[in-house]
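missing the sequence, but the structure's below:
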């Protein structure tokens with residue numbers, strides 16, 4: 001059995017422990033035989049890959065490539081991934097550009113098969129992809145112990161991509177609502193029910209914006225470019241998630257104190 005991350009607590013206590021031990025735990029996870037074999041193979045072989053067809057034709061390379069962008073579940077969908085990669089990122093109407101899930105666009109840009117020379121030929125390409133792969137695989141392993149910690153770990157990266165985009169204010173909210181992990185974080189932090197999803201999309205937008213303004217003082221996603229505001233969101237998410245998980249065993253006073261500490 002490979003290394004299993006240790007997350008002894010939920011909520012902010014668990015988050016603080018994970019932050020203190022993250023580097024050591026991540027290193028132990030990266031040293032497991034499965035991760036070591038995958039990364040060594042990718043580093044050795046990726047420089048010889050010149051096309052999307054080459055990549056999807058090698059199961060082990062494709063596994064790492066998809067894992068680096070959080071697309072592990074697409075491993076069986078070789079024809080689709082080839083189509084996305086071959087369409088490239090330059091043409092505005094390419095498949096990757098038209099997809100709501102921008103992870104596909106990020107992967108397409110990273111490999112650059114629509115360029116004269118694909119980025120797989122760059123000397124630092126393997127290190128770039130493997131760094132992301134190792135990080136995301138560690139997040140998955142943490143999530144197997146505590147799903148909320150996985151969401152907290154991915155929050156800066158996933159929300160940061162949306163905040164830094166050239167999207168409109170409404171478009172950023174739509175991107176958050178369309179990203180299942182981020183939506184879960186916001187629904188939990190803002191005290192919103194998952195049943196909100198059955199409402200008309202514009203009504204959902206209004207609810208998210210109004211609730212964010214009430215809790216954080218601003219109703220716009222762009223506010224989370226501020227690291228302190230991002231940390232506020234993460235802290236509120238973890239505390240409310242802990243209450244939801246263990247609220248039945250907590251006294252009313254303990255629940256109230258936890259909520260007060262999170263605001």
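Happy to help now that I have it. In this text, all values refer to a predicted model and were calculated from it rather than measured experimentally.

could I get the pLDDT score of the spatially most central residue of the chain?
By Cα atoms, centre = their mean, the mean C-alpha position of the chain lies nearest to residue 154, the distance being 4.2 Å. Residue 154 carries a pLDDT value of 96.

which residues touch it?
With contact set as Cβ atoms under 8 Å, 6 or more residues apart in numbering, residue 154 has these partners: 70, 139, 181. Using the backbone N, CA and C atoms, a C-beta is placed for each residue, glycine as well.

likewise residue 171?
residue 165.

could you report the pLDDT at it?
92.

re earlier: distance of the residue nearest to the centre of the chain from residue 89?
Per Cβ to Cβ, to the nearest Å, residue 154 is found 23 Å from residue 89.

so can I have TSV of the contacts of residue 154 showing secondary structure, distance to residue 22 and pLDDT?
Putting these into TSV (DSSP: H, G, I helix; E, B strand; the rest coil; distance: Cβ to Cβ, whole Å; pLDDT from 0 to 100) gives the following:
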residue	secondary structure	distance to residue 22	pLDDT
70	coil	18	94
139	helix	11	97
181	helix	19	93
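
filter the residues you listed to the buried ones?
70, 139, 181 (16 or more other Cβ atoms under 10 Å).

the first one reaches residue 137, doesn't it?
No - Residue 70 sits out of contact with residue 137 when judged by Cβ atoms under 8 Å, with a separation of 10.1 Å.

any weak-confidence spans in the stretch 151-263 of the chain?
Across the stretch 151-263 of the chain, the ranges flagged by pLDDT under 70 are 247-263.

just the element for the residue nearest to the centre of the chain, please.
Assigned by DSSP states H and E, residue 154 belongs to helix 147-163.

what residues of that helix count as buried?
148-155, 158-159, 162-163.

so which of those is the closest to residue 30?
Closest to residue 30 out of the buried residues of helix 147-163 is residue 153 (15.1 Å), distances taken as Cβ to Cβ.

for that closest one, give me its contacts.
Residue 153 neighbours (Cβ under 8 Å, 6+ apart): 18, 139, 142.

circling back: distance to residue 190 added to the buried ones among the contacts of residue 154, as JSON lines?
Formatted as JSON lines, those follow (distance: Cβ to Cβ, whole Å):
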{"residue": "70", "distance to residue 190": "24"}
{"residue": "139", "distance to residue 190": "23"}
{"residue": "181", "distance to residue 190": "15"}
